[in-house]
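Q: model the following, please.
(2 chains)
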Amino acid sequence: MTDEKSNAEAYWAANLRLIAGCLVVWALVSYGCAILLRPLLAGIPVGGTDLGFWFAQQGSILTFIGLIFFYAWKMNRLDKKFGLGE
Amino acid sequence: MSQFAINVLFVGASFAIYIGIAIWAKAGSTKDFYVAGGGVHPITNGMAIGADWMSAASFISMAGLIAAGGYANSTFLMGWTGGYVLLAMLLAPYLRKFGKFTVPEFIGDRFYSKQARLVAVICLIVASVTYVIGQMAGAGVAFSRFLEVDATTGLIIAAVVIFFYSVLGGMKGITYTQVAQYIVLIIAYTIPAVFISLELTGNPIPPLGLFSDHSESGMPLLAKLNEVVTALGFNEYTADVDNKLNMVLFTLSLMIGTAGLPHVIIRFFTVPKVADARWSAGWALVFIGLLYLTAPAVASMARLNIATTVYPDMAGQVENMEQAATDPILYEERPGWIRTWEETGLIQYEDLNNDGRIQLYNDTEAFESTAEARGWEGNELTVNNDILVLANPEIANLPGWVIGLIAAGGLAAALSTAAGLLLAISSAISHDLIKGSINPNISEKSELRAARISMTVAIIVATYLGANPPGFAAQVVALAFGIAGASLFPALMMGIFSKRVNNVGAIAGMLTGLAFTLVYIFVYKGWLFIPGTNNLEDIPANWVLGISPLSIGAVGAILNFAVAFAISKATAAPPQEIQDLVESVRYPKGAGMATDH
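A: From the prediction side, this is the model:
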């Protein structure tokens, strides 16, 4: 029972760490690169404008897609590793 | 074949497909009706989520919003996609594991409180009804433009089609029609975009075209666009925004609002396994991304196209922009698409300085002296943002069948979202109110009948409101996203990630988030949106810390979290069986069983 419990707790902790990491990237590309850090990235030209504009209209969406698939893939491995999948 | 006949053919064929699916996918049980039997493949579900999510606003209005606002309106692009990251990681898998039929049901069970469930039902209904009115009205407009019937008749035709597949098939019928609708709408959206991108940049892929060189001038497309719009007194298209706090909060409000909208969440209940809920979110964002990556390209290209249509001299390599600005086209020589759309009133022209030419510019104080020097006496051409996507095929001189496709696509976007919303509303009534409160012993068969009757009533009410839109119908972003973000999203998230938040805390949090958000919106937009009842004029100078009423949902959500945690800390922890319930939703094992309750 305790084994099972600590196994489940370890699974949940690993999930929380993974979510935290993914959400850091999520916030960094949208709130960071596309909005708050845009002035800092103004020197990097992308197709007639700057990197911040690219993140706002394209880069963040592409990153979001990548993040969800990465999370789903990682979680599948965690499900298996901890024997908690279906 | 006339354009009218082509439109009828395309719309008629798409409707025949939807009705065919309705007959094939008849719901036999409440499980079929609420969650499509729970056996939908994640890719299929991803496509259905795409259609469920992309409304008339995404299809028709979003490109126009971005074209008008440039960089500043990137908020919609990030906000309406970033929410899926939150859904995939914070809500969808666990709510799927919970394995029940509705969003209020989770809130009611997790916070062991009928009152909490009722608050959630009210939030769901207000958000969804506001949302659905826009879809019905959008369908009416699309009908009247393309099929030459009046908007009310169009609305009724749309309602009958929705009635067919949603009342017969419930979620099962809706799921498979949404898949068909996604395919129709994405083809309709991308084909004209590909041709416009090819014409302007030589690149057939619109998102790449956006950052390529403009063929005619050899300059980067966005640099060309900046040059043209600034010569006409507008802000640079790519100009940065001063009020970053508001931009961040607005984006955040859209993201958490997206994640908290019940009609999106319930789509994740239809897949067999927890892992499938995660994959579904990824596929959903791929399918949504196809349109959301195309939209900003359509926006900038259409904006440039319209400007260079009016000022042909601005299109190429321009030595002297001032010179080019003085030579707009003659009104008599305007292209066909301007004539077509003038008839709908969505493009208007008034020759203010009587020179027979069209002056299109930003008529502001800062630009007044320049305009005066050019002999301009006011902006003469008013173009409604909503026509950008609809007029795209005509602007790019595409054949008539593309226009028919756009008509079918716009209707698909409106109908698919309306059906998803109507299902969320009717299941809240039949499952949360009737079975949950009024008559818990209702039999499966009676509940299914109740669900069908609720759906029918919801369709009739939505059709009536679509034909006679109340004042709040225009406030989808403020009302639907504000409520979902400030009230539902935090409650759901706390229900999963905290074992300590209890019934009192959750209810107090939801009500605080809701009340705070609504009051802030009402102060600027009028109490219950009744014109003239606002306490402060809705202008940036009046906003607290520069936060617009549309961005306040994020602040409401923070208050919701704070109040819920504080009150829960001061009161008794949830009973053991509730803590066990929280445990169980965190682990995927056993989700297949959980649905058979």
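Q: CA only for contacts and neighbour counts going forward, please
A: Fine.
Q: report the contact partners of the residue in chain B positioned nearest to chain A.
A: The nearest approach of chain B to chain A comes at B:Phe211, 4.3 Å away (CA to the nearest CA). B:Phe211 sits next to A:46-48, B:220-222 when contact means CA atoms under 8 Å, 6 or more residues apart in numbering or on different chains.
Q: likewise B:Gly79?
A: The contact partners of B:Gly79, taken as CA under 8 Å, 6+ apart, are B:250-255, B:258.
Q: up against chain A, what does the stretch 451-597 of chain B have?
A: For the stretch 451-597 of chain B, the residues in contact with chain A (CA under 8 Å from any CA of the partner chain) are B:586-591.
Q: an error on my part: the question was meant for the stretch 51-200 of chain B.
A: Residues of the stretch 51-200 of chain B lying near chain A by CA under 8 Å from any CA: B:71, B:74-75, B:77-78, B:81-82, B:84-85, B:88-89.
Q: is it possible to get JSON lines of those that adds pLDDT and secondary structure?
A: Below are these laid out as JSON lines (pLDDT from 0 to 100; DSSP: H, G, I helix; E, B strand; the rest coil):
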{"residue": "B:Tyr71", "pLDDT": "97", "secondary structure": "helix"}
{"residue": "B:Ser74", "pLDDT": "97", "secondary structure": "helix"}
{"residue": "B:Thr75", "pLDDT": "97", "secondary structure": "helix"}
{"residue": "B:Leu77", "pLDDT": "97", "secondary structure": "helix"}
{"residue": "B:Met78", "pLDDT": "97", "secondary structure": "helix"}
{"residue": "B:Thr81", "pLDDT": "97", "secondary structure": "helix"}
{"residue": "B:Gly82", "pLDDT": "98", "secondary structure": "helix"}
{"residue": "B:Tyr84", "pLDDT": "98", "secondary structure": "helix"}
{"residue": "B:Val85", "pLDDT": "98", "secondary structure": "helix"}
{"residue": "B:Ala88", "pLDDT": "97", "secondary structure": "helix"}
{"residue": "B:Met89", "pLDDT": "98", "secondary structure": "helix"}
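Q: near chain B, which residues of chain A show up?
A: So chain A meets chain B at A:8, A:12, A:19, A:26, A:30-31, A:35-36, A:46-49, A:53, A:56-58, A:60-62, A:64-65, A:67-69, A:71-72, A:75-76, A:79, A:84-86 (CA under 8 Å from any CA).
Q: residue contacts, residue 48?
A: You didn't say which chain, so I picked chain A. By CA under 8 Å, 6+ apart, the residues touching A:Gly48 are B:211-212, B:219-223.
Q: try again with chain B
A: B:175-176, B:178-179, B:182, B:267, B:284.
Q: for chain B, what's the nearest residue on chain A?
A: When scored by CA to the nearest CA, chain A has A:Gly47 as its residue closest to chain B, at 4.3 Å.
Q: next, the residue nearest to that residue when sequence neighbours are not counted: secondary structure please.
A: Distances taken as CA to CA, 6 or more residues apart in numbering or on different chains place B:Phe211 nearest to A:Gly47, at 4.3 Å, with adjacent residues excluded. Secondary structure assignment for B:Phe211 (DSSP: H, G, I helix; E, B strand; the rest coil): coil.
Q: show me the shaky parts of the chain.
A: No chain specified, so I'll use chain A. A:1 (pLDDT under 70).
Q: my bad, the chain I had in mind was chain B
A: Ranges of chain B meeting pLDDT under 70: B:591-597.
Q: would you mind giving the domain segments of it?
A: Per automatic domain parsing, the structural domains of chain B span B:3-226+B:237-300+B:396-468, B:304-391.
Q: end-to-end on the longest one?
A: Counting by CA to CA, to the nearest Å, you get 29 Å between the two ends of domain B:3-226+B:237-300+B:396-468.
Q: the last one too?
A: Start-to-end span of domain B:304-391 (CA to CA) is 14 Å.
Q: can you check stretch B:522-530 too?
A: End-to-end distance for stretch B:522-530: 9 Å, by CA to CA.
Q: mind listing what's buried along that stretch?
A: By neighbour count on 16 or more other CA atoms under 10 Å in any protein chain shown, the buried set for stretch B:522-530 is B:522-527, B:529.
Q: could you dump these to CSV with secondary structure?
A: What follows is the buried residues of stretch B:522-530, written out as CSV (three-state DSSP):
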residue, secondary structure
B:Phe522, helix
B:Val523, helix
B:Tyr524, helix
B:Lys525, helix
B:Gly526, coil
B:Trp527, helix
B:Phe529, helix
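Q: strands of chain A, start to end?
A: A:45-46, A:49-50 (DSSP state E).
Q: ok, and the closest non-adjacent residue to B:Ala474?
A: B:Gly134 (7.4 Å).
Q: my bad, should have said B:Leu581
A: Counting by CA to CA, 6+ apart, the residue nearest B:Leu581 is B:Arg110, at 7.4 Å.
Q: tell me the secondary structure at B:Asn73.
A: B:Asn73 - assigned by three-state DSSP - is helix.
Q: measure it to B:Gly28 for me?
A: B:Asn73 is 45 Å from B:Gly28, by CA to CA.
Q: what about those two, which has more around it?
A: Set side by side, B:Asn73 and B:Gly28 show more neighbours around B:Asn73, with 21 against 16, by other CA atoms under 10 Å in any protein chain shown.
Q: which residues does that one contact?
A: Taking CA under 8 Å, 6+ apart, we find B:Asn73 in contact with B:65-66.
Q: please repeat the previous calculation with a cut-off of 10 Å.
A: B:Asn73 makes contact with A:56-57, B:62-63, B:65-67, B:241, B:247, B:251, B:296 under the criterion CA atoms under 10 Å, 6 or more residues apart in numbering or on different chains.
Q: and which of the residues you listed is nearest to B:Ala120?
A: Checking the contacts of B:Asn73 against B:Ala120 by CA to CA gives B:Thr251 as the nearest, at 23.5 Å.
Q: in what helix or strand does the closest residue to the closest one other than its chain neighbours lie?
A: Spatial nearest neighbour of B:Thr251, excluding adjacent residues (CA to CA, 6+ apart): B:Gly79 at 4.7 Å. Using DSSP states H and E, the element containing B:Gly79 is helix B:74-86.
Q: give the next helix or strand downstream of that helix.
A: Past helix B:74-86, the next helix or strand by DSSP H and E is helix B:92-98.
Q: elements contacting that next one?
A: helix B:103-110, helix B:262-265, helix B:274-310, helix B:489-497, helix B:576-586, helix B:591-594 (3 or more CA pairs under 10 Å, 6 or more residues apart in numbering or on different chains; DSSP states H and E).
Q: tell me how many other residues surround the residue lying closest to B:Val383 once chain neighbours are set aside.
A: Counting by CA to CA, 6+ apart, the nearest residue to B:Val383 once its immediate chain neighbours are dropped is B:Ile347, at 4.7 Å. Using other CA under 10 Å, the number of residues around B:Ile347 comes to 18.
Q: tell me the contacts of B:Ile347?
A: B:337-341, B:381-385, B:387.
Q: same check, this time on B:Thr340
A: B:346-347, B:391, B:394.
Q: wait, a helix at it?
A: Yes: judged by three-state DSSP, B:Thr340 forms part of a helix.
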